[in-house]
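Q: Predicted model and sequence below, questions to follow.
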Amino acid sequence: MDEILDMVKAALARIYDAHIYLIENRVSERSIVFWFGVYLRELLKETEFETLDLDLEYNRNFQRAKRTRNFPRGTYPDFILHRRGSNDENLLIIEFKPWWNQTTDDDLRKLKDFTASDSKYKYEIGLSILLGREVPSWTIVENGEIVAESEDE
């Protein structure tokens, strides 16, 4: 998982280098997350993760809505690295928040649900990423629990 986290950090660094305008000017979170996906896909090339699917706001568990303990009516993650049509290779789930909307309680509940060992999804790692004005910060969730937080840089 260290390799994936390093690629996430590198993709975030590219956003701050190339698209700081989006962050400074409070552009839609989706515009920023789009670029994250572009950069992460580039970094995944020629790695063991290259064949996995990288999806934005993917709302399906097979043909049904993604439902969890805390979101019984359905929910969708901001970003996932997985294999479509299977829950056997759910690797990474990410929730993003920009600096002007730092309410992460629902995001953390969602990440705990999706990474819990007793859930049908069993994502290996969840990240709550706060897109700060100058640098990002994050919280790491594994097995339904917060396991680490980034330090202010």
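A: Received, thanks.

Q: Helices of the protein, start to end?
A: For the chain, the helices defined by DSSP state H cover 2-18, 20-24, 29-44, 105-115.

Q: elements contacting the first one?
A: Taking 3 or more Cβ pairs under 8 Å, 6 or more residues apart in numbering; DSSP states H and E as the contact definition, the neighbouring helices and strands of helix 2-18 are helix 20-24, helix 29-44, strand 92-98, strand 125-131, strand 136-142. For glycine as for every other residue, the C-beta is placed from the backbone atoms N, C-alpha and C.

Q: between the helices of the chain, which gets nearest to residue 138?
A: helix 2-18 (8.1 Å; Cβ to Cβ).

Q: send the alpha carbons of the closest one over as PDB?
A: Coordinates of each C-alpha in helix 2-18 appear next as PDB, following Å, rounded to 0.1, in the frame of the first residue of the first chain:
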ATOM      1  CA  ASP A   2       3.000   2.300   0.400                       C
ATOM      2  CA  GLU A   3       3.400   2.400  -3.400                       C
ATOM      3  CA  ILE A   4      -0.300   3.500  -3.800                       C
ATOM      4  CA  LEU A   5       0.100   6.100  -1.200                       C
ATOM      5  CA  ASP A   6       3.200   7.400  -2.800                       C
ATOM      6  CA  MET A   7       1.400   7.700  -6.100                       C
ATOM      7  CA  VAL A   8      -1.500   9.500  -4.400                       C
ATOM      8  CA  LYS A   9       0.900  12.000  -2.900                       C
ATOM      9  CA  ALA A  10       2.600  12.500  -6.300                       C
ATOM     10  CA  ALA A  11      -0.700  13.100  -8.100                       C
ATOM     11  CA  LEU A  12      -1.700  15.600  -5.400                       C
ATOM     12  CA  ALA A  13       1.700  17.400  -5.800                       C
ATOM     13  CA  ARG A  14       1.100  17.700  -9.500                       C
ATOM     14  CA  ILE A  15      -2.300  19.300  -8.900                       C
ATOM     15  CA  TYR A  16      -0.700  21.900  -6.600                       C
ATOM     16  CA  ASP A  17       2.000  22.500  -9.200                       C
ATOM     17  CA  ALA A  18      -0.200  22.700 -12.300                       C
END
